[in-house]
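In: sequence first, then the predicted structure, then my questions.
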Amino acid sequence: MLSGKTYKTFDTLRIVFRASPVCAFLHMLLSVVHAIMPTAAMALATANFVDTATTILQGERPHDDIYLPLIMLLLVLGIFTTIGSVLQLISARISLSLQRSLKPEIVRINAALDFKHIENAESWELISRVSRDPVKSVMEGFGSMMQFMQIVVCVVSVLTLIASQIWWAALIIIGFSAPMFWLSIRAGKKNYQAGRDAEKFNRRRDYLNDVLTGRDAADERTLFGFSDEINKRWKQQYELGRKLQLKVTLRMFLITKGSSLILALIAMLVALTLISSVVSGDLSAGMFMGIMSAVFGMVQQLGWQMSDSLEKTSKVGEYMKDLTEFVELGRCQGDGGLSPSGNLCEPDTEPIELETLEFRNVSFKYPSGEHLVLDGLSFFLKSGRHYAFVGKNGAGKTTITKLLTGLYTEYEGEIFVNGKELREYPEGTVKAMFSVVYQDFARYYVSLKENIKLGDVAGINTISDFDSKITAASEQAGLEETIAELKDGMDTPLGKIIEDGQDISGGQWQRVAIARSLISRAPVKILDEPTAALDPISESRVYSEFEKLMHGKTTIFISHRLGSTKLADEILVIDDGKIIERGTHEKLMNENGDYAEMFEAQRGWYL
Ligand code: ADP
């Protein structure tokens, strides 16, 4: 549905026609009829009714002749209100079709995006702006275009009606309305601009609102009692946003009301010019009344709807600019990075065996960063051994895992897996090579069993005794007690967003994440400080348990706490993106270098 092109507001029409052609066509057709009904059609029906009534009163026609004009009048009114409701119904159907076609398309592009776009604050803002409510934005664009079309139809039909009676009166209206039209466009654009400025404050206000009422900060809120302070800041942001919004609303009110007033004056002018034609008999009294009501109806439309429609059009125009950039992000997947299909592809069903893993002179800088995070890094790892990457926070340890797992591919130097460059492997193979438990591991609000299953998506359909593997992994990860406490055991939904869901503690979630890694058949398991929230002694215990479970497998433990990693077969000390020391705990302690110094400094943590 979306392709690489520059999207404009007009494209919302194209998107809607693709999603639901019949409804879109019906909507357009009925919108035209709906626009003519209260003005031109109503004017003709009124004229017919009044003129017939006059002739009846003058005794020139029988009384019964009034019924047909009356029915016509009621019919116009009836059709107008019915079409209004039908249009609402059609809009709802179009919305549903868009939910089915546009929304999944946006989700697909989103899922296929390079990781660097997700990590980059600017592109992440763009992604969240576009993904938030694409259907609403497209519908708003479609709605404003329909509204604009209705205004044009209404104006043209009224002018045609007037011109058909007295042509010069139509010219007077055009002459006076043109500046109004221009004013409306300006007002719409200015209003949109100011709305965007107010949005800045609203975003900050929403964030503070989350801190004040959200679940994440609930415990700290109670502990630190910062609600009053945050409340003050919230009010400040709210006031700033409100004042800006008020200014906009006031200006908009003055402009629209002012222009309505001028248009009303024009309508009076038309009335004054037409009245002479009524007196001279060139225009019937009924037609005069009809034209006047149509002109007043048109004035209303021009005054309010015009600037509203234009404001929406500018807003949707900005959304379409964002959409263009978003689709472009999805199309130009990075410089050798995973292609969209690559990001979406599943890990291989059968992971390859790992023999060797080598970083050769690898240097890397984040796209948004300025300095080299990895600086000529080289190391060689062998299969079946336990390694620990240690170093201060910010040394570059996590960055190594991001390169290994293919999240970033724009590094200098080479990474070899079994002697072959990592970037030459198919994406599915790379994904199947590593299983990582991250520091900020995910908590999925599905059942405990499903949580663990996600560790080996490929195995769900290919491994016959998958369920017993899940049970084994959960036992190995020490989840037996947790499962016993859960209402429906492993099938209990976790988290509170589901009605029967049960919450588990941070430590229990961590074990779930570890079980997920245990079930994975990836030949290399990485623990990237998932235990950062634990005290050093508990972390050390988790690492040594994991090490025992992973006997004979290749593991990489990452931590800045050395007591947790000292059991590793080999420790690699990383500083400023380079390996500065390497060896067993004993060897490094004997060398009395940086590692020994750090270890001594941390010794107190383990007493
Ligand atoms: P460690 O895991 O050793 O604590 P990281 O590998 O997470 O360190 O980070 C190394 C450096 O890279 C830090 O200086 C950090 O600020 C920077 N960094 C990490 N992620 C990003 C990012 N997405 N964009 C820019 N810089 C980053």
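Out: That came in fine, so what should we check first? Numbering: from 1, shown residues only.

In: now the stretch 501-607 of the chain, which segments are flagged as low pLDDT?
Out: The model of the stretch 501-607 of the chain has pLDDT under 70 over residues 532-533, 606-607.

In: if we go to 80?
Out: Along the stretch 501-607 of the chain, the parts satisfying pLDDT under 80 run over 530-536, 538-539, 541-542, 549, 551-552, 604-607.

In: where along it do the strands fall?
Out: Counting by DSSP state E, counting those that start in this stretch, the segments of the stretch 501-607 of the chain that form strands are 524-528, 554-559, 570-575, 578-583.

In: CA-only coordinates of the helix or strand where Ile483 lies, as CSV, when you get a sec.
Out: Element membership for Ile483, per DSSP states H and E: helix 480-485. The C-alpha trace of helix 480-485 is given here as CSV (Å, rounded to 0.1, in the frame of the first residue of the first chain):
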residue,chain,number,x,y,z
GLU,A,480,9.8,-24.1,40.1
GLU,A,481,8.7,-22.2,43.2
THR,A,482,7.3,-19.4,41.1
ILE,A,483,5.3,-21.8,38.9
ALA,A,484,3.9,-23.5,42.1
GLU,A,485,2.7,-20.0,43.3
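
In: buried residues in it, which are they?
Out: Thr482, Ile483 (16 or more other Cβ atoms under 10 Å). C-betas here are computed from N, CA, C, even on glycine.

In: okay, the strands of the stretch 501-607 of the chain in a markdown table with mean neighbour count and distance to the ligand next?
Out: Formatted as a markdown table, these follow (neighbours: other Cβ atoms under 10 Å; distance: least, Cβ to the nearest ligand atom, whole Å):
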| stretch | mean neighbour count | distance to the ligand |
| --- | --- | --- |
| strand 524-528 | 24 | 7 |
| strand 554-559 | 24 | 7 |
| strand 570-575 | 21 | 7 |
| strand 578-583 | 16 | 12 |
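
In: export the ones you listed to CSV and tack on distance to Val390?
Out: Output for those, formatted as CSV (distance: least, Cβ to Cβ, whole Å):
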stretch, distance to Val390
strand 524-528, 12
strand 554-559, 6
strand 570-575, 6
strand 578-583, 9
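
In: how long is stretch 34-53 from one end to the other?
Out: 27 Å (Cα to Cα, to the nearest Å).

In: check stretch 106-121 too.
Out: 19 Å.

In: okay, now the nearest residue to Asn590 once chain neighbours are set aside: neighbour count?
Out: Distances taken as Cβ to Cβ, 6 or more residues apart in numbering put Ala596 closest to Asn590, at 7.9 Å, once the chain neighbours are dropped. Neighbours of Ala596 under the rule other Cβ atoms under 10 Å: 16.

In: wait, Ala596 sits on His585?
Out: No. At 9.7 Å, Ala596 and His585 do not qualify as touching, with contact defined as Cβ atoms under 8 Å.

In: flag the shaky bits of the stretch 51-200 of the chain, pLDDT-wise.
Out: By pLDDT under 80, the weakly predicted segments of the stretch 51-200 of the chain are 121, 166, 168-169, 172-173, 176-200.

In: run the last query once more with 70
Out: Along the stretch 51-200 of the chain, the parts satisfying pLDDT under 70 run over 180, 184-185, 187-188, 192, 195-196, 199.

In: the ligand contacts on that one?
Out: Glu119 (Cβ under 6 Å from any ligand atom).

In: please report how far Leu549 lies from the ligand.
Out: According to Cβ to the nearest ligand atom, to the nearest Å, Leu549 stands 24 Å off from the ligand.

In: correction: the previous question concerned Tyr425.
Out: 23 Å.

In: residues near that residue, how many?
Out: 18.

In: go on, the one 5 residues further on?
Out: The local packing count at Val430 equals 23, with neighbours defined by other Cβ under 10 Å.

In: Three-state assignment for it, please.
Out: Three-state call for Val430 (DSSP: H, G, I helix; E, B strand; the rest coil): helix.

In: contact partners for it?
Out: Thr405, Gly406, Leu422 (Cβ atoms under 8 Å, 6 or more residues apart in numbering).

In: for it, give its distance to Phe416.
Out: 13 Å (Cβ to Cβ, to the nearest Å).

In: what is in contact with these two at once?
Out: Counting by Cβ under 8 Å, 6+ apart, the residues touching both Val430 and Phe416 are Leu422.

In: centre of the chain to the helix holding Ile483, how far?
Out: 37 Å (Cα atoms, centre = their mean, to the nearest Å).

In: over to stretch 75-93?
Out: On Cα atoms, centre = their mean, the centre of stretch 75-93 falls 32 Å from the chain's centre.

In: can you tell me, leaving aside adjacent residues, what's nearest to Thr471?
Out: For Thr471, the closest residue by Cβ to Cβ, 6+ apart turns out to be Met490, at 7.5 Å.

In: tell me the pLDDT of Tyr411.
Out: Looking at Tyr411, its pLDDT stands at 94.

In: need phi/psi at it.
Out: phi -100, psi 160 (degrees, to the nearest 10).

In: residues in contact with the residue nearest to it when sequence neighbours are not counted?
Out: Nearest non-adjacent residue to Tyr411, counting by Cβ to Cβ, 6+ apart: Phe364, 4.2 Å away. Shown in contact with Phe364 (Cβ under 8 Å, 6+ apart): Leu372, Val373, Leu374, Thr399, Leu403, Tyr408, Glu410, Tyr411, Glu412, Gly577.

In: any idea what Phe364 is bridged to?
Out: Counting by DSSP bridges, Phe364 forms beta bridges with Leu374.

In: can you pull the buried residues of whichever helix or strand Leu44 is part of?
Out: Using DSSP H and E, Leu44 maps to helix 42-57. Neighbour-count burial for helix 42-57 flags 42-53, 56 (criterion: 16+ other Cβ under 10 Å).

In: kindly report the same for stretch 233-243.
Out: Trp234, Gln237, Tyr238, Leu240, Gly241.

In: then it to PDB, C-alphas only?
Out: What follows is stretch 233-243, C-alpha atoms only, in PDB (Å, rounded to 0.1, in the frame of the first residue of the first chain):
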ATOM      1  CA  ARG A 233       6.200  21.500  37.000                       C
ATOM      2  CA  TRP A 234       3.200  19.800  35.400                       C
ATOM      3  CA  LYS A 235       1.100  22.900  36.100                       C
ATOM      4  CA  GLN A 236       3.900  25.100  34.700                       C
ATOM      5  CA  GLN A 237       4.000  23.200  31.400                       C
ATOM      6  CA  TYR A 238       0.200  23.000  31.400                       C
ATOM      7  CA  GLU A 239      -0.100  26.800  31.800                       C
ATOM      8  CA  LEU A 240       2.500  27.500  29.100                       C
ATOM      9  CA  GLY A 241       0.700  25.200  26.600                       C
ATOM     10  CA  ARG A 242      -2.700  26.500  27.700                       C
ATOM     11  CA  LYS A 243      -1.800  30.200  27.200                       C
END
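
In: return the distance of it from the chain's centre.
Out: 25 Å.

In: what's next to it, contact-wise?
Out: Under the contact criterion Cβ under 8 Å, 6+ apart, stretch 233-243 has outside partners Ala198, Phe201, Asn202, Arg204, Arg205, Leu208, Asn209, Leu212.

In: how many neighbours does the closest residue to Ile118 other than its chain neighbours have?
Out: Setting aside the residues directly before and after it, Ile118 is nearest to Trp124 in space (Cβ to Cβ, 6+ apart), at 6.0 Å. The local packing of Trp124 (other Cβ under 10 Å) involves 13 other residues.

In: mind giving me the packing neighbours of the helix or strand hosting Trp124?
Out: Element membership for Trp124, per DSSP H and E: helix 121-132. For helix 121-132, the elements it packs on are helix 67-112, helix 115-119, helix 306-331, judged by 3 or more Cβ pairs under 8 Å, 6 or more residues apart in numbering; DSSP states H and E.

In: pLDDT score for the nearest residue to Glu545 once chain neighbours are set aside?
Out: Nearest non-adjacent residue to Glu545, counting by Cβ to Cβ, 6+ apart: Gly478, 7.2 Å away. pLDDT, Gly478: 84.

In: what about the residue nearest to Ala271 when sequence neighbours are not counted, distance to Val278?
Out: Excluding its sequence neighbours, the residue lying closest to Ala271 (Cβ to Cβ, 6+ apart) is Met292, at 5.8 Å. Met292 sits 11 Å away from Val278 when distances are taken as Cβ to Cβ.
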